[in-house]
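K.L.:
missing the sequence, but the structure's below:
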DNA sequence: CCATTGTTTATTGCCTACAATAGCAATCGT
DNA sequence: ACGATTGCTATTGTAGGCAATAAACAATGG
């Protein structure tokens, strides 16, 4: 009975005023998927998960439908819903679309760039240089992520932000997930500087191209490691 | 009881073997929304719609969750789900993202283009010229749509296709829907020829830019009519 | 007359129960 | 022995019912 205290610990009742149980479950499932606790190909058992969340199957089913529409999960009738497994081919497709969207970010930013923004970007670059020098790669990713997040958000185009993040998430479901990260490891900060320089120039097309190429190079690195490991499709 | 013959007329039971009731409802709702039978801002009454489809509220709720994730509908807790109304501002955002994706299509096609493809594209161009000459504008849209659909599909990038169509659909929910179409009416076929010529040249960047600009010009036309009509936000 | 506070009603949120299906194992016939 | 068939079990698909909320209206007090 849902009028009792739900068993969930972190969600105050206040939260449920605005966001429905379904929404909470959806975010929770998304988290489980993206952290890898639920692995690609794994089935989401309705009863098991709903009891885990302390709810009935209804909200859980609604949550999985939403995840399905967002491409994180796929459903086979009468068999269940499974965490999606993104094939290398699809990963390559996603890289291209992501490049296009990120390129748009560059194009838009070229018209919006301010000294303050450039200062902040250069700060990110310095931080990444420092961390790279100290070979502390675990510290590199958070900054790298923040750098890209800032760029995308600063466009002021919410649709763009949403799309970009959706694709980044989807790449986490790539069968060769390790390769995605491994490829990123070798990114030299020079690519990032090229992007910031392009922004500073205020040249739309140049910025778009620099941003686009940055993602395309990630794609190429991904494909290389893919070939090296002899993975197909 | 769902083991009886459902009241839905067009869907054979065979269809339900593969796609769930939820999926059928979702497609049906999507149709109602895109044809305008359900207008932006309108509430989707669960009881009314579920009885209309001859099902219970469960599958209907799952269908609307999916539509919500896809951005066609928005849900307010304890108040219901409403057909989304896309603000002019968001429409402009969408135009940009769509331009980026369409630009990618151009870039990819530049590497894939064949004589056969060019012939087909030129055929489309001729058809549109003819129709435009005869001022039969109702005939113009289907060809225009097919032209763009073909371009996007020919990239072979399914992710791109899906995204592109999603955004086209969303633009149908723009508050100033009429303006979207009105703006398109004045598209001269010259823009289309520029795109095809760029493809023929095999120059990636040029093709990307031509495709990108085509959508951007639609955006500008949309904004002009917007300003003329004194619409805000 | 207006604001505030019950009260009613339509509708959503969630849950439980039952029907149907898929996968598997045991059984049966050949 | 072996394939097809038939139950069995776990799990999903759907239905319908009760609780809770919000919006509209009525009643009350200032």
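P.N.:
Yes, it's here. Since the model is a prediction, treat every value here as computed from it, not as a measurement. Numbering: from 1, shown residues only, chains lettered A, B, ... in the order given.

K.L.:
Any buried residues in the helix or strand where residue A:29 lies, and which?
P.N.:
According to DSSP states H and E, residue A:29 maps onto helix A:21-34. By neighbour count with 16 or more other CB atoms under 10 Å in any protein chain shown, helix A:21-34 contains the buried residues A:21-26, A:28-30, A:32-33. C-betas here are computed from N, CA, C, even on glycine.

K.L.:
Would you reformat those as JSON lines and include distance to residue A:174 and pLDDT?
P.N.:
Formatted as JSON lines, the buried residues of helix A:21-34 follow (distance: CB to CB, whole Å; pLDDT from 0 to 100):
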{"residue": "A:21", "distance to residue A:174": "31", "pLDDT": "90"}
{"residue": "A:22", "distance to residue A:174": "27", "pLDDT": "94"}
{"residue": "A:23", "distance to residue A:174": "26", "pLDDT": "94"}
{"residue": "A:24", "distance to residue A:174": "27", "pLDDT": "94"}
{"residue": "A:25", "distance to residue A:174": "25", "pLDDT": "96"}
{"residue": "A:26", "distance to residue A:174": "22", "pLDDT": "96"}
{"residue": "A:28", "distance to residue A:174": "22", "pLDDT": "96"}
{"residue": "A:29", "distance to residue A:174": "19", "pLDDT": "96"}
{"residue": "A:30", "distance to residue A:174": "16", "pLDDT": "97"}
{"residue": "A:32", "distance to residue A:174": "17", "pLDDT": "96"}
{"residue": "A:33", "distance to residue A:174": "13", "pLDDT": "96"}
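
K.L.:
near chain B too, which of those residues?
P.N.:
residue A:22 (CB under 8 Å from any CB of the partner chain).

K.L.:
Would you mind giving the secondary structure of the nearest residue to residue A:25 once chain neighbours are set aside?
P.N.:
Spatially, and ignoring its direct neighbours in sequence, residue A:25 is nearest to residue A:63 (4.1 Å; CB to CB, 6 or more residues apart in numbering or on different chains). Three-state call for residue A:63 (DSSP: H, G, I helix; E, B strand; the rest coil): helix.

K.L.:
ok, now which ones touch residue A:63?
P.N.:
Contacts for residue A:63 (CB atoms under 8 Å, 6 or more residues apart in numbering or on different chains) come out as A:22-23, A:25-26, A:29, B:65.

K.L.:
can you rerun that using 10 Å?
P.N.:
Contact partners of residue A:63, counting by CB atoms under 10 Å, 6 or more residues apart in numbering or on different chains, are A:20-30, A:44, A:49-50, A:53, A:55, A:73, B:62, B:65, B:69.

K.L.:
tell me which residues of stretch A:77-97 are tucked away?
P.N.:
Buried residues in stretch A:77-97, counting neighbours by 16+ other CB under 10 Å, are found at A:81-84, A:86-88, A:90-97.

K.L.:
rewinding a little: name the helices or strands packed onto the helix holding residue A:29?
P.N.:
helix A:13-18, strand A:43-44, helix A:46-53, helix A:57-69, strand A:73-76, strand A:80-83, helix A:158-171, helix B:57-69 (3 or more CB pairs under 10 Å, 6 or more residues apart in numbering or on different chains; DSSP states H and E).

K.L.:
Check residue A:138 and give its pLDDT.
P.N.:
Listed pLDDT for residue A:138 reads 79.

K.L.:
Give the buried residues for the one helix or strand it maps to.
P.N.:
Using DSSP H and E, the element containing residue A:138 is helix A:137-153. In terms of neighbour count (16+ other CB under 10 Å), helix A:137-153 has its buried residues at A:140, A:143-144, A:147-148, A:151-152.

K.L.:
and if you look at stretch A:163-177?
P.N.:
Within stretch A:163-177, judged by 16+ other CB under 10 Å, the buried ones are A:163-164, A:166-168, A:170-177.

K.L.:
Show me the contact partners of stretch A:124-140.
P.N.:
A:141-144, A:146-148, A:150-151, A:181, A:184-185, A:187-190, A:192-193, A:195-196.

K.L.:
redo that, cut-off 7 Å
P.N.:
When contacts are defined by CB atoms under 7 Å, 6 or more residues apart in numbering or on different chains, stretch A:124-140 is touched by residues A:143-144, A:146-147, A:185, A:189, A:192-193, A:196.

K.L.:
got the domain boundaries for chain A?
P.N.:
A:13-83, A:88-228 (automatic domain parsing).

K.L.:
Adding distance to residue B:125, write the ones you listed out as TSV.
P.N.:
What follows is those, written out as TSV (distance: least, CB to CB, whole Å):
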stretch	distance to residue B:125
domain A:13-83	35
domain A:88-228	25
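
K.L.:
Would you mind giving the buried residues of stretch A:163-177 as a markdown table with distance to residue A:110 and pLDDT added?
P.N.:
Listed next are the buried residues of stretch A:163-177 as a markdown table, based on distance: CB to CB, whole Å; pLDDT from 0 to 100:
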| residue | distance to residue A:110 | pLDDT |
| --- | --- | --- |
| A:163 | 19 | 98 |
| A:164 | 17 | 98 |
| A:166 | 24 | 97 |
| A:167 | 22 | 97 |
| A:168 | 22 | 95 |
| A:170 | 27 | 95 |
| A:171 | 26 | 93 |
| A:172 | 29 | 91 |
| A:173 | 32 | 92 |
| A:174 | 31 | 89 |
| A:175 | 36 | 81 |
| A:176 | 34 | 72 |
| A:177 | 33 | 66 |
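
K.L.:
And these, which is closest to DNA strand D?
P.N.:
Comparing the buried residues of stretch A:163-177 against DNA strand D with CB to the nearest atom of the strand places residue A:173 closest, at 19.2 Å.

K.L.:
and the closest residue to the closest one other than its chain neighbours, bridged to which residues?
P.N.:
Sequence neighbours aside, residue A:86 is the residue nearest to residue A:173 in space, at 4.5 Å (criterion: CB to CB, 6+ apart). Applying DSSP bridges to residue A:86 gives these bridge partners: residue A:174.

K.L.:
need the contact list for residue A:86.
P.N.:
Contacts of residue A:86 by CB under 7 Å, 6+ apart are A:170, A:173-175.

K.L.:
That one and residue A:169, how far apart?
P.N.:
Remark: distance between residue A:86 and residue A:169 (CB to CB, to the nearest Å) = 10 Å.

K.L.:
same question, residue A:221
P.N.:
Look at residue A:221 and residue A:169: by CB to CB, they are 20 Å apart.

K.L.:
what's the farthest-apart pair in the contacts of stretch A:124-140?
P.N.:
A:185 and A:196 (20.7 Å; CB to CB).
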